[in-house]
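J.: Starting from these lines, generate the structure:
(2 chains)
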Amino acid sequence: MGKFSTDINRSVGEFRLSAVLLSVLLSASASQAQPQHTLADQCPPSFALDSNNQCRLRNLYQLYDSLQDRGLGGLKTALPEHRDGFSPQQIDLGRLLFFDPVLSGDKNLSCANCHNPALGFSDGMDRSVGARGHVSQRSAPTLWNSAFLKVFFWDARAHSLEEQAIGPLFSDVEMANTPEQLLADLNQVDAYPKLFKQAFPDSEDAVVISNIATALSAFQSSLISLNSPYDRYAHGDAKALNPNELEGLNVFRSFVARCSQCHTPPLFTNQQVAVIGTPEPAGLPRDIGAAETFDAERLRGGFKVPTLRNIARTAPYMHSGRFATLREAAEFYTKGRGHAVPEGEELLLHWHISDPNLTDTELDRLVDFMGALSDESFMPNVPTQVPSGLLNSKTSISLVTASGE
Amino acid sequence: MNTKFKFVLVIIIFAGGWIMGSNNNVAPVITSSMGGASYSGGFQSVVSVSAVPQRTTKGAVIVVNPGDSIQAAVELAQPGDTIQVMPGTYSETVYIDKDDIHLLGVIQEGARATMDGLGKLNDAILYSGNNVVIENFRITQYKGNGIMGQAGNNLEIRNNVIVDTGIYGIFPQLGTNGLVEHNVVSGIEDAAIYIGMSDNIHVAYNEVFDSVAGIEIENSRHAVVEHNNAHNNTGGILAFVTPGLPIKTTEDVIIRNNFVLNNNTPNFGAPGSIVSGIPAGTGILVMAADDVIIEGNIISGNKTAGIIVNDHSFATTLTMDEESDPNSDRTMILDNVMLNNGYDTIPEVKAVALTELHTGLVDIVHVGSSNGSCIINRHRYRTIGIGGYAECDFTNTDSTESYLLAGGAEPRVIHSSERGEIAYMGVCTGCHSYRGRLIGPSVEIIQAMYAGNPEGLVEYINAPVKKRDNFPPMPAQNYLDAETQMAVATYMLALEK
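T.: Numbers count the residues shown, from 1 in each chain, chains lettered A, B, ... in the order given. Next up is the predicted model:
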């Protein structure tokens, strides 16, 4: 862990293959990548296997309650409801699919291109790059703790992990696949029909889109990060945060900075939409965000409040990656309500966007505290080989060198 | 020309109304609120004077003298302890991240333990623990809040004097079962007492003044607000739903027997804040809150209106939230004493008044749709927009003493076998698997070493020592409580795969 290459750039189009070449390559690689793949029969860390072969999440926050069971509050507060109950096999199949470029239209992108475990399951870029080098409008959010989310995407347009997973697969500017192509490709890989059958024994024809979505959701819901220094402090270890981090916690939850009003523990998001008025990258128009999702002008420029867990791993920050460092991201909030909203732009800014006049020291301490929200102790194993045998031009290589398998 | 014509028309209609009224001068039906049916639709009422359970054993008393740090005492304190802060001035932020701490100022001949933020410090007291009591402080010149909780059930905030302190004077948030009483709070830029996203709350015998909002019950349920004196604020007592917050409702609020007087202070809330939209001269405001009962208050001299009931459309600065119901349903207005309200009201109220040809003072104004609202003795008040209010089928709330939880909100009960699994899966599996090495040795190896000896394993996880050269040292798990440590040790030793 922690040794992954971060050398990922935007030129992912260079290994594009023609369709003919691809099918040759697929069958060739499948025959090389033979016997290996038997799916795990044990759950990932933090999950207990129940008698129905389902993995059930266990974490210390289950010792606590929360108001109205909403999973919001302070230190010893329960988390929001979560997704679990997938089988070990489904989670493991999801892991293989997640890292397999066969999922993309041009066989060059896997989910891990934009959600790279080495980069906090994000990609280190301001705005992510999809098929044919298309630069998207927004940055890739982390997948850590997505089991606890109720809304997905920056603009809050999806309401389940499955719905989210399908989005990028068939988006023309992301993985640019089609359902027909994807199923055909997976069926061409020798291992996949068998693996799908292991993961979905009750399915007549297991290689179907809904099972792909289930498997990807199963894997994503297994990405649990709840053992940071902050968590140890929350559970009662008064020494788990150093004095600077503690000072930062108190700035974070103070009603001057008001961070915790939206980035509410224990998940460090309240999962609401907020209009905060960050600047767009130079030359780009205002991203209206949730205004489109909800057809509501009042939400113009509104985005889902992101979790801050593992936030130190996922620079740059904000929906279009406008801020390179956590320090700059924190500083945005103290430069004045609406300071970055251009003339003539009408935004109904969130009421907690105020003028807190934080000192430089307070900003430093906030950064210290956010750093104490990092925990990757349940990092999944990155496969050295994927069933298609396709090694992705960039990510797979860097991922493979770091693999524990 | 046109305007003059309309004006004349209005006069004629008014004259007609007056004549008809005088011809039908029948004495109204007076409903007695003494005896009769009591409200029964709320949370189960209890007779309770406290929110924090009585201690069964006495903890230590830690005394803090001027020059000492209150926070140092908090760090020293164990759950069950009491910290007594002697009169003097203390400039610090105190945070209580543990349970069952009583933080008491000592008052000697009127001199209080004073927390002074010097205009530089953020908040005076933050807490997250359960069963916290904060009493008898004087708090002034903080930039953020006087006393603020995020989570923390069973809280008592009592007999504090909070003057010229930032955004909120007293702000418990995301907790259950709280008592806020006998505090004097003034000069606050937002709400003097702000109950946010909380359940089972009792706010009583407080004096709140010279603030934008006196007492605010926001996105909270089962609250009684009684015997307070809310005067000279912009708005006196508010019960409302702010859209865009993660907890969506305000329900079951009784506002009774309060003084709500002369709340005409010009609004000095921060631009963009929710309360910045409150018109000066608001006595009681109900916005998008359901099942609010207003009873027995003396509401006097509030220049916009005595009681305003409205929906979210009234407030143009609020965000859109499709999960948030914008209407105030089931507002229930019982007997109140209302004098000289609405004498200098705002154009929005005048516009609504015009539709009913109402002129002059305004005791009660309802704007927007509402279901199931009711009132008794409506003839007493100068009202606008309550034509849809039925006659209440009860006359008082005498049967409701408080909505506090007798004995306190109970912590979640976790069986020890479940506790062991939670701790093992949640923490240990990052480094230990049943078979084979991850970061630490396998559970099989651990079982061989500690068979039949969970106590020995507890001892080790409390203070690990490095045993193997090629393994990293294990971090101590001593933050887990004794019960959890024993549960996880027992669980690990019994694990079969």
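
J.: domains of chain A?
T.: Residue ranges for the domains of chain A, per automatic domain parsing: A:12-225+A:378-402, A:229-371.

J.: Any chance of the ones you listed in JSON lines with mean neighbour count and distance to B:Thr234 as columns?
T.: For glycine as for every other residue, the C-beta is placed from the backbone atoms N, C-alpha and C. Formatted as JSON lines, these follow (neighbours: other CB atoms under 10 Å in any protein chain shown; distance: least, CB to CB, whole Å):
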{"stretch": "domain A:12-225+A:378-402", "mean neighbour count": "20", "distance to B:Thr234": "28"}
{"stretch": "domain A:229-371", "mean neighbour count": "20", "distance to B:Thr234": "16"}
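
J.: Same list (these) but as a markdown table, adding mean pLDDT.
T.: Output for the domains of chain A, formatted as a markdown table (pLDDT from 0 to 100):
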| stretch | mean pLDDT |
| --- | --- |
| domain A:12-225+A:378-402 | 87 |
| domain A:229-371 | 96 |
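
J.: Including distance to chain B, could those domains go into TSV?
T.: TSV is the format used below for the domains of chain A (distance: least, CB to the nearest CB, whole Å):
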stretch	distance to chain B
domain A:12-225+A:378-402	3
domain A:229-371	3
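
J.: Would you mind putting those domains into CSV with distance to B:Ala476 alongside?
T.: Converted to CSV, those look like this (distance: least, CB to CB, whole Å):
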stretch, distance to B:Ala476
domain A:12-225+A:378-402, 15
domain A:229-371, 8
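
J.: any idea how far B:Leu438 is from the closest residue to chain B within the stretch 301-405 of chain A?
T.: Evaluated by CB to the nearest CB, the stretch 301-405 of chain A has A:Ser377 as its residue closest to chain B, separated by 3.6 Å. As judged by CB to CB, to the nearest Å, A:Ser377 and B:Leu438 stand 10 Å apart.

J.: Neighbour count: these two, which is higher?
T.: A:Ser377 (18 against 15; other CB atoms under 10 Å in any protein chain shown).

J.: count of neighbours near the closest residue to that one other than its chain neighbours?
T.: Of all residues not flanking A:Ser377 in the chain, B:Gly430 sits nearest, at 3.6 Å (CB to CB, 6 or more residues apart in numbering or on different chains). By other CB under 10 Å, 21 other residues sit near B:Gly430.

J.: same question, B:Gln44
T.: Other residues close to B:Gln44 by other CB under 10 Å number 9.

J.: pLDDT at it, what is it?
T.: Per-residue pLDDT puts B:Gln44 at 84.

J.: dump the residue contacts of it.
T.: By CB atoms under 8 Å, 6 or more residues apart in numbering or on different chains, the contact list for B:Gln44 is empty.

J.: which SS class is it?
T.: When classified by DSSP: H, G, I helix; E, B strand; the rest coil, B:Gln44 comes out as coil.

J.: Report the beta-bridge partner residues of the residue positioned nearest the centre of chain B.
T.: Closest to where the C-alpha atoms of chain B average out (CA atoms, centre = their mean) is B:Ile195, at 1.7 Å. Beta bridges link B:Ile195 to B:Ile217, judged by DSSP bridges.
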